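Q: Could you look at this predicted model? Sequence included:
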Amino acid sequence: MSRTIGIVSGSLRKNSYSGNLANYIKDNAPAGFEVKILEIGDLPLYNQDYDGEEVKAYTDFRNEVKALDAVLFITPEHNRSIPAALKNALDIGSRPYGHSVWSGKPGAVISQSPGAIGGFGANHHLRQVLAFLNVLTLAQPEAYIGSSYTLFDENGALSNEDTKKFLDGFMAAFVAWIDKTA
């Protein structure tokens, strides 16, 4: 039986480091798992006025998340926090109140940054939001990918062997967490 991990990338930029990490993980999916990258760039800004209405983009996204067995968030750091598009996706999935699609899902966080501390602020802000949304977030190992601009070839493929090994180990721990929380 195949299970599905959804990846939500906080970056909308073409050939982004977060997107490139997501592609590596998708291309090297753990055994027994399909990895699917969720698109969040076209989601309209969350507006509570729409909670009683059918907004197709909201409904489609919520249904996509509901169908997942787990969620991996990969995010850059914007001004010591998470990007607006990622926060918007989290808000859309958490509403209307009492109907969050995130609640009870196993989750994990990878942050990356061109800087040395690897998106530490974004990682911890995201974990704070996920705790409120009742995402069962993997505590260890933590994943902060620093100097991300040095890790990819000219085509955006992950070329750093140490980072590949780290991500493979991280995903093994995430799979164990998914199994434990199932």
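A: Alright, I've got the coordinates.

Q: Report the buried residues of stretch 43-62.
A: Buried positions in stretch 43-62, judged by neighbour count with 16 or more other C-beta atoms under 10 Å: 43, 46, 50, 55, 58, 61, 62. Quick note: C-beta positions are derived from backbone N, CA and C, even for glycine.

Q: Can you tell me how far the fourth one is from residue 98?
A: In this view, residue 55 and residue 98 are 18 Å apart by C-beta to C-beta, to the nearest Å.

Q: go on, the last one?
A: Residue 62 sits 13 Å away from residue 98 when distances are taken as C-beta to C-beta.

Q: for the second one, same thing?
A: Spatial separation of residue 46 from residue 98 under the definition C-beta to C-beta is 16 Å.

Q: so where's the chain uncertain?
A: Residue ranges of the chain with pLDDT under 70: 1.

Q: what does the helix ranked longest in the chain contact?
A: For the chain, the longest helix by residue count, based on DSSP state H, is helix 161-181. Identification of contacts with helix 161-181 by C-beta atoms under 8 Å, 6 or more residues apart in numbering yields 3, 5, 21, 24-25, 28, 30, 32-33, 69-70, 72, 106, 108, 110, 136, 138, 140-141, 143, 145, 151, 158.

Q: cool, and stretch 44-54?
A: For stretch 44-54, contacts defined as C-beta under 8 Å, 6+ apart pick out 55, 57, 58, 88, 91, 92, 95, 96, 97.

Q: Residue nearest the middle of this structure, spatially speaking?
A: residue 73 (1.4 Å; C-alpha atoms, centre = their mean).

Q: Quickly note the distance from residue 10 to residue 159.
A: Computed as C-beta to C-beta, the residue 10 to residue 159 distance reads 22 Å.

Q: One more: residue 134?
A: 37 Å.

Q: Then residue 65?
A: Here the criterion is C-beta to C-beta. By it, residue 65 lies 31 Å from residue 159.

Q: returning to what we had before: can you flag which of the contacts of helix 161-181 belong to helices?
A: Counting by DSSP H, the part of the contacts of helix 161-181 found in helices is 21, 24, 25.

Q: which residues of this structure fall in strands?
A: Ranges of strands within the chain are 3-9, 33-38, 70-76, 106-112, 136-137, 143-145, based on DSSP state E.

Q: and the third one, what does it pack onto?
A: Right, the one you point to is strand 70-76. Packing partners of strand 70-76 (3 or more C-beta pairs under 8 Å, 6 or more residues apart in numbering; DSSP states H and E): strand 3-9, helix 17-27, strand 106-112, helix 120-132, helix 161-181.

Q: closest to residue 83 out of those?
A: Residue 83 sits nearest to helix 120-132 of all the helices and strands packed on strand 70-76, at 8.0 Å, using C-beta to C-beta.
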